[in-house]
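S.K.: Predicted model and sequence below, questions to follow.
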Amino acid sequence: MSEVLQIRGLRVAVEGKEILKGVDLEVRPGQVHAIMGPNGSGKSTLAHTLMGHPRYQVLSGSVSFGDRDLLPLSTDERARLGLFLAFQYPSEIPGVTVASFLRRAYMAVKQREVSAVEFFRVLQQKMRHLQMPMSMAERYLNEGFSGGEKKRNEVLQMAILEPKIAVLDETDSGLDIDALKVVAEGVNALRGPELGVLIITHYQRILHYIQPDVVSVLMEGRVVQTGGRDLAEKLEEAGYDWIREGKA
């Protein structure tokens, strides 16, 4: 059975205010699905709800992955099933190296002990594939990293954990064009028939480098339009007003 991420009628509140008002969406293996929308439309709320952040209260609806209901599961259980979230603003953790952090995350998701030597081989192979310098593995996690390095490190985590569904929450936020290209190259290097990617973004520019199969527009807590790459291009030209005015 294909492990499709299916979202049906999802309503979510934050601190008593309803943000998502009936979202219907699906992400299939091998597919890149882009979610676009203006500020305050509920894009990041959707991302954090999918990973089970306790701040977000599910009012109704369903989220399933394959034959599993995700909503009763904890964040770590969802990660072990194959979900991954790349943060818009990755945290710094002084005193913890990238390699040490990734090894702990790897063992938690894979649910087995891995020696430092064995993990180093895995890490080395993934960093070579992504064309990343091994020196980054010995730096403290995100401490002193540029915006591009932080986001590139999120892509490395994705490569190490090998998720089935990766949610990229505004990965392009704060990146200059060179950093954006580097991050996009990393994501493209990981694309394949077993990985579904949900890209959440304000702008079409990242979609110049990561070609989407499906584009959905989220506005005022609902998916109001779905199409192909041409939809993203139209949004870049015309903005969101043409949808607000019912001219779709």
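M.R.: Happy to help now that I have it.
S.K.: Was I right to think A179 contacts V155?
M.R.: No. A179 lies out of contact with V155 (CB atoms under 8 Å); the separation is 11.6 Å. (C-beta placed from N, C-alpha, C; glycine too.)
S.K.: Compare neighbour counts for the two and give me the winner.
M.R.: V155 (25 against 18; other CB atoms under 10 Å).
S.K.: And that one, how far from P90?
M.R.: Counting by CB to CB, to the nearest Å, the separation of V155 from P90 is 11 Å.
S.K.: And for A108?
M.R.: In terms of CB to CB, A108 sits 18 Å off from P90.
S.K.: ok, now V223?
M.R.: 27 Å.
S.K.: again, but for E194
M.R.: 25 Å.
S.K.: mind listing what the nearest residue to H129 once chain neighbours are set aside touches?
M.R.: Leaving aside its sequence neighbours, H129 sits nearest to A189 (CB to CB, 6 or more residues apart in numbering; 6.1 Å). Listed by CB atoms under 8 Å, 6 or more residues apart in numbering, the contact set of A189 reads H129, L130, A159.
S.K.: Restricting to C-alpha, output the helix or strand where A189 lies in CSV.
M.R.: Following DSSP states H and E, one finds A189 within helix 177-190. Below are the C-alpha coordinates for helix 177-190, written out as CSV (Å, rounded to 0.1, in the frame of the first residue of the first chain):
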residue,chain,number,x,y,z
ILE,A,177,20.0,33.7,-4.0
ASP,A,178,23.3,31.8,-3.7
ALA,A,179,22.3,30.1,-0.4
LEU,A,180,18.9,29.3,-1.9
LYS,A,181,20.5,27.5,-4.9
VAL,A,182,22.7,25.5,-2.6
VAL,A,183,19.8,24.4,-0.4
ALA,A,184,17.6,23.6,-3.4
GLU,A,185,20.4,21.4,-4.9
GLY,A,186,20.5,19.5,-1.6
VAL,A,187,16.7,18.9,-1.7
ASN,A,188,16.9,17.9,-5.4
ALA,A,189,19.7,15.4,-4.6
LEU,A,190,17.3,13.6,-2.2
